[in-house]
Each structure stands twice: as C-alpha cells, then as structure tokens.
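**Student:** sequence-free structure coming up:
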C-alpha cells in the first residue's frame with residue numbers, strides 16, 4: 001500500500017514484550033487483532049515499494065522497529081511503514097541486525113531522551129545483564145559516563161566494560177553504590193521496595209528511569225529526584241545513529257541464540273519459564 005515497504009525477512013528477534021502480548025497481558029496499552037503475528041524487530045531486504053515511497057530501492061538491506069499493534073516479522077515477509085525503517089549495518093550479518101532495534105532504542109531513549117546523560121556523570125544500570133543492559137552499558141561508556149552495572153555472575157562477562165560491576169545476588173545495590181549517581185536506570189523486575197530504594201542513591205536533582213512499567217518509577221520530591229517510566233518508541237533517526245555506531249565498531253551486537261521460525265512456540269514457552277538468556281534471533285526457514 002501507499003507508504004509501505006514489503007520486506008523479505010532475514011530475522012526477527014524475541015523481546016519480552018512479545019511474550020506479554022502473546023500471553024494477553026498487554027491488551028490495554030497494545031491492543032492487537034487476532035490472529036496476530038509477533039515480532040517487533042525486523043532485519044531483511046526490501047522486496048517491493050508502495051506508492052510514494054522514496055529513499056529505498058528493491059534489494060536494500062534494512063532494519064526497523066515495527067508498530068507494536070501491527071503485524072510482526074515472525075514470517076517470511078512483512079509490510080512495514082517506510083518511516084520505521086533505516087539502512088541495516090553493513091559490518092555484521094543481516095540477520096544479527098534484528099537484535100538491535102527494540103532493545104537498542106530502549107537503552108538509547110532511557111539514557112539520553114529521559115536521563116539526559118552527559119559526559120562525566122555517574123549512572124547506575126540495574127539489571128545490566130540483559131539485552132537492553134548490554135547496550136546501555138556500551139552507550140553510557142561511549143558518552144563518557146562512569147558506569148556502575150549490576151548483574152548476576154552468569155551475566156558479568158557481558159557488562160565487563162562497566163567501571164564497576166555489582167553482583168546483585170551477593171550484595172544489595174543500595175549498599176554497593178557508595179557515591180550518589182546522576183541517573184539510575186532500572187531494567188530488572190525487582191521487588192517494589194528494591195525499586196523504591198533506587199531513588200535514595202540518586203543525587204538531588206537526578207532521575208530514576210524505569211522500564212518495568214507495571215511498577216511506577218520512584219521519586220523523591222523533597223530532593224528533586226524525578227521518576228520516569230519509559231515506554232520505548234520506534235525512531236528511525238535514532239536507530240540510524242545506533243547502526244552507525246555498530247559500523248564504526250563502537251557498539252557490539254551480541255546474539256545468544258539463533259532459532260528457526262518453526263521453533264517460535266517453544267521459544268515463547270522457554271521464555272515464560274524464565275529459561276531464555278540473552279538476545280535470541282528468529283530466522284525464517286527460507287532465509
């Protein structure tokens with residue numbers, strides 16, 4: 001249709017929100033029409049252009065964050081609004097680029113749109129061992145920030161570029177942060193009291209950005225600490241900046257698993273059981 005691009009899918013990826021949509025937990029914020037095809041991330045090649053589409057040619061490699069309430073890329077082909085697409089990284093296999101859009105944009109928007117992170121500031125990334133955290137640590141370090149990352153021993157290797165790595169299974173985060181931070185970014189499904197305590201390690205005038213939107217971000221009005229709940233949005237311009245960082249070798253994409261599209265139900269079941277670690281890309285059998 002007008003303004004659409006048909007993309008031959010090289011890969012999509014699994015995001016926790018995919019499991020929440022499938023499980024029926026997001027009917028309010030993300031209403032979908034059943035039957036629904038999941039897969040918010042897409043990496044692939046342009047297969048056809050709708051009326052009025054400019055900037056791409058058939059055969060171009062592209063990457064994008066598809067509309068959350070639309071048809072996803074867990075398929076051989078997907079129709080995408082042209083405005084959500086940007087050129088894919090050239091320095092990595094195309095399928096691996098599917099691991100970038102949703103989690104990369106979540107990290108970018110949390111740090112810079114909402115956290116206003118600047119060089120020389122201190123940032124705590126709580127739950128840095130996950131896919132978003134891996135990008136957040138890299139982006140914050142690239143920006144010249146001092147990074148404190150919490151992770152389990154299993155995930156410590158993924159966040160080794162942080163200035164401090166806290167084993168949250170052995171030490172309370174609030175005990176480990178001995179000097180206030182400018183920004184606390186929470187990526188972990190912690191207990192409410194643990195989330196609330198993060199405001200206490202933020203300096204006056206700082207900010208807590210929270211991605212676990214079922215629990216409101218804590219704040220401390222008396223000290224001017226703001227709490228912001230992040231709901232990631234598609235932004236092709238920001239995604240293009242992330243692609244540039246990848247191609248310049250300044251942002252590493254880590255893919256933990258590569259599974260066939262036919263195995264997607266089993267992947268959702270594993271995720272529901274808490275046994276999926278790291279970023280998983282899903283590849284159509286025809287790719």
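**Tutor:** Everything's here; your move. All values derive from a computational prediction rather than experimental measurement.
**Student:** going forward, measure contacts between C-alpha atoms and count neighbours the same way
**Tutor:** Noted.
**Student:** what residue ranges in the stretch 51-200 of the chain score low on pLDDT?
**Tutor:** Within the stretch 51-200 of the chain, the segments meeting pLDDT under 70 span 155-156.
**Student:** At which residues are the strands of it located?
**Tutor:** For the stretch 51-200 of the chain, applying DSSP state E, counting those that start in this stretch gives strands covering 61-65, 77-81, 85-87, 122-126, 146-151, 164-167, 181-186.
**Student:** What pairs with the last one, parallel or antiparallel?
**Tutor:** For strand 181-186, the pairing partners within the sheet under DSSP bridges are strand 122-126 (parallel), strand 202-210 (parallel).
**Student:** now those strands in CSV, with distance to residue 44?
**Tutor:** Shown next, in CSV, are the strands paired with strand 181-186 (distance: least, Cα to Cα, whole Å):
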stretch, distance to residue 44
strand 122-126, 31
strand 202-210, 31
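**Student:** most neighbours per residue, which of these?
**Tutor:** strand 122-126 (a mean of 26; mean count of other Cα atoms under 10 Å).
**Student:** how far out from the middle of the chain is it?
**Tutor:** From the chain centre to the centre of strand 122-126 is a distance of 16 Å (Cα atoms, centre = their mean, to the nearest Å).
**Student:** Give me the contact list for it.
**Tutor:** Strand 122-126 has contacts (Cα atoms under 8 Å, 6 or more residues apart in numbering) with 133, 136-137, 140, 145-151, 180-188.
**Student:** got it, and stretch 152-163?
**Tutor:** Contacts of stretch 152-163 (Cα under 8 Å, 6+ apart): 128-130, 133-134, 137-138, 141, 146-149, 151, 165, 167-169.
**Student:** List buried residues within the residues you listed.
**Tutor:** Applying 16 or more other Cα atoms under 10 Å to the contacts of stretch 152-163, the neighbour count classes 128-130, 133-134, 137-138, 141, 146-149, 151, 165, 167-168 as buried.
**Student:** These: which two are farthest apart?
**Tutor:** Greatest spatial distance among those (Cα to Cα): 141 and 168, at 20.6 Å.
**Student:** Which segments of this protein make up each domain?
**Tutor:** The chain resolves into domains spanning 4-101+254-283, 115-229 when parsed by the TED database.
**Student:** For residue 243, find the nearest of those.
**Tutor:** domain 4-101+254-283 (5.4 Å).
**Student:** what's the first-to-last distance across that closest one?
**Tutor:** This stretch, domain 4-101+254-283, spans 22 Å end to end (Cα to Cα, to the nearest Å).
**Student:** now swap in stretch 92-105 and tell me
**Tutor:** By Cα to Cα, one end of stretch 92-105 lies 18 Å from the other end.
**Student:** Counting neighbours, which bits of it end up buried?
**Tutor:** Going by neighbour count (16+ other Cα under 10 Å), the buried part of stretch 92-105 is 94, 95, 96, 97, 98, 99, 100, 101, 102, 103, 104, 105.
**Student:** Enumerate every residue touching the second one.
**Tutor:** By Cα under 8 Å, 6+ apart, the contact list for residue 95 reads 10, 11, 12, 43, 44, 281, 283.
**Student:** and what of the first one?
**Tutor:** Remark: with contacts taken as Cα under 8 Å, 6+ apart, residue 94 is in contact with 10, 11, 43, 44, 61, 88.
**Student:** Restricted to helices, list the buried residues of stretch 92-105.
**Tutor:** 101, 102, 103, 104, 105 (DSSP state H).
**Student:** on that earlier part again, please produce a markdown table containing the contacts of residue 94, extended by distance to residue 32 and neighbour count.
**Tutor:** Shown next, in a markdown table, are those (distance: Cα to Cα, whole Å; neighbours: other Cα atoms under 10 Å):
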| residue | distance to residue 32 | neighbour count |
| --- | --- | --- |
| 10 | 24 | 30 |
| 11 | 22 | 31 |
| 43 | 22 | 33 |
| 44 | 23 | 29 |
| 61 | 28 | 23 |
| 88 | 27 | 28 |
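**Student:** Great, nothing more from me.
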